[in-house]
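# here is the input, now give the coordinates:
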Amino acid sequence: MGNPLNLSFDPIERAHDSWSRRWGASPAMAAVTSIMRAQQILIGQLDNALKPYELTFARYEALVLLTFSSTGALPLGKIGERLMVHPTSVTNTIDRLEHQGLVRRLPNPDDGRGTLAQITDSGSEVVEEATRDLKAMDFGLDCYTEDELWQIHSLFTTLRVSFGDFPEGGEAMSAPD
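Predicted coordinates for the structure are as follows:
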């Protein structure tokens, strides 16, 4: 779904027009539909940019998270918590990264039953190269100005605070270990 639709009309606007005739105007419906389409577009662009590294954006995020930790290793549970994904997704992601030689599993010295994922030297190199590529394309958001990007960030921060991800005015999180 990351491919351009090349339509002669805006399908989201048309859907909102139909919605409005049936149930009344809903800027929330138009906004959420636009957000969902934007996610499709961005994931397609990001995954395409990461294809030369045999990564998806989800796997890239896991590598970046490990890069941010002071030891290059984190418990699988903490990875899931920080990336806000289900434990099964973390296991699948780490399995694939381990198969590629970008991470290794280690016993957790602080938890005899737990496992750490540790980024390898190859994984660190891939993160640096992939990050250069993603930054060069402004993570798919190069159609916006810097001010607009900060506005988008602020708008979604409001949603995340409202949902309870963190308290309003909460301090920035330090390194993930």
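
# excluding chain neighbours, what is closest to residue 13?
Closest residue to residue 13 apart from its sequence neighbours, by C-beta to C-beta, 6 or more residues apart in numbering: residue 30 at 7.5 Å. C-beta here means a position set from N, CA and C on the backbone, and glycine is covered the same way.

# actually residue 97, not the one I wrote
Nearest non-adjacent residue to residue 97, counting by C-beta to C-beta, 6+ apart: residue 103, 4.3 Å away.

# ok, that neighbour - contacts?
Neighbour list for residue 103: 62-63, 66, 94, 97, 117-120, 123 [criterion: C-beta atoms under 8 Å, 6 or more residues apart in numbering].

# filter the residues you listed down to the ones in strands?
Using DSSP state E, the members of the contacts of residue 103 that fall in strands are 117-119.

# so which residues of the chain form strands?
Under DSSP E, the chain gives strands at 73-75, 103-107, 115-119.

# please identify the most buried of the ones you listed.
strand 115-119 (a mean of 22; mean count of other C-beta atoms under 10 Å).

# pipe the strands of the chain into a markdown table and attach mean pLDDT per row.
What follows is these, written out as a markdown table (pLDDT from 0 to 100):
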| stretch | mean pLDDT |
| --- | --- |
| strand 73-75 | 95 |
| strand 103-107 | 95 |
| strand 115-119 | 95 |
